[in-house]
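Participant: pasted the sequence and its predicted model underneath.
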Amino acid sequence: MGETPVPIKVMGRAVVAALTALAAVLVALVAAAPADAAATVTTRIAAFSAGPATVYRGNAITVQGQAQRLNGRAWANTGTVKAVIYFDPDGAKPNAAVRTVNSNAKGLIRTSFSASVSGKWSIRLVSAGSLKASATAQKYVRVVARPSVTGPVSKWNCPSWAPIKGNKPSKIYHLPGQRYYAKTTPELCFSTEAAARNAGYRKSKV
């Protein structure tokens, strides 16, 4: 007696099922390979700072740090990498990405923002190639309004944001462009005429 033949239709189904399962395994392996390769080298952002700690509204806040990678037991510069600056403003949604920047060839990250509200700043490195992602802690920067009255920056000069010169003995204030403005040595400087008048000063007649 001869062997009972296996129906071709049954064999075809078995082969298709086996090939489908093998294809699924291969797809999973290929998909996993890049992720594994991208997570082999530890990184960090050294010397992170955001500041100054207290800044007048409208002045610059500088956010910076040094991107580094672990090389054996030592840290080395990463070279050019991409970083995202995050800001958590007071009373708003935390950790919003506000800018993406590239470091320089030595891994230095540095960028500036115009101060508007107080909040917490941080930097996150984007995973690329063999470098893992990493992030800093948050640094708080307090933003305050400029005072309306301040002292001079030198014997003859007021700061640019408070250019009105106040002469304390005479209680007279001088505006830029007036006759005696350049010859007046200020004891106080005012940002507005209203601030000068509120301090008891009157405007120079010439």
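Facilitator: That came in fine, so what should we check first?

Participant: ranges for the helices of this protein?
Facilitator: Secondary structure of the chain by DSSP state H: the helices cover 8-37, 193-198.

Participant: weakest of those in terms of mean pLDDT?
Facilitator: Ranked on mean pLDDT, the bottom entry among these is helix 8-37, at a mean of 55.

Participant: what does the lengthiest strand in the chain contact?
Facilitator: Among all segments of the chain classified by DSSP state E, the strand with the greatest residue count is strand 60-71. Applying C-beta atoms under 8 Å, 6 or more residues apart in numbering, the external contacts of strand 60-71 come out as 41-52, 55, 75-78, 81, 83, 85, 103, 106-115, 121, 123, 125, 131, 136, 141, 143. (Each C-beta comes from the backbone N, C-alpha and C, glycine too.)

Participant: now do it, average pLDDT.
Facilitator: 97.

Participant: coming back round to it: now, of the contacts of strand 60-71, which are buried?
Facilitator: Among the contacts of strand 60-71, the ones that count as buried by 16 or more other C-beta atoms under 10 Å are 43-45, 48, 50-51, 55, 77-78, 81, 83, 85, 103, 107, 109, 113, 115, 121, 123, 125, 131, 136, 141, 143.

Participant: so of these, which ones are in strands?
Facilitator: Cross-referencing these with the strands (criterion: DSSP E) gives 43-45, 48, 50-51, 55, 77, 83, 85, 109, 113, 121, 123, 125, 141, 143 as the overlap.

Participant: buried sites along stretch 65-79?
Facilitator: 65, 66, 67, 68, 69, 77, 78.

Participant: just give me the closest of these to residue 168.
Facilitator: residue 65 (45.5 Å; C-beta to C-beta).

Participant: would you check how far apart that closest one and residue 78 are?
Facilitator: Distance, residue 65 to residue 78, by C-beta to C-beta, to the nearest Å: 11 Å.

Participant: returning to that earlier point: including distance to residue 147, could the buried residues of stretch 65-79 go into TSV?
Facilitator: Formatted as TSV, the entries for those read as follows, by distance: C-beta to C-beta, whole Å:
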residue	distance to residue 147
65	32
66	35
67	38
68	40
69	45
77	42
78	42
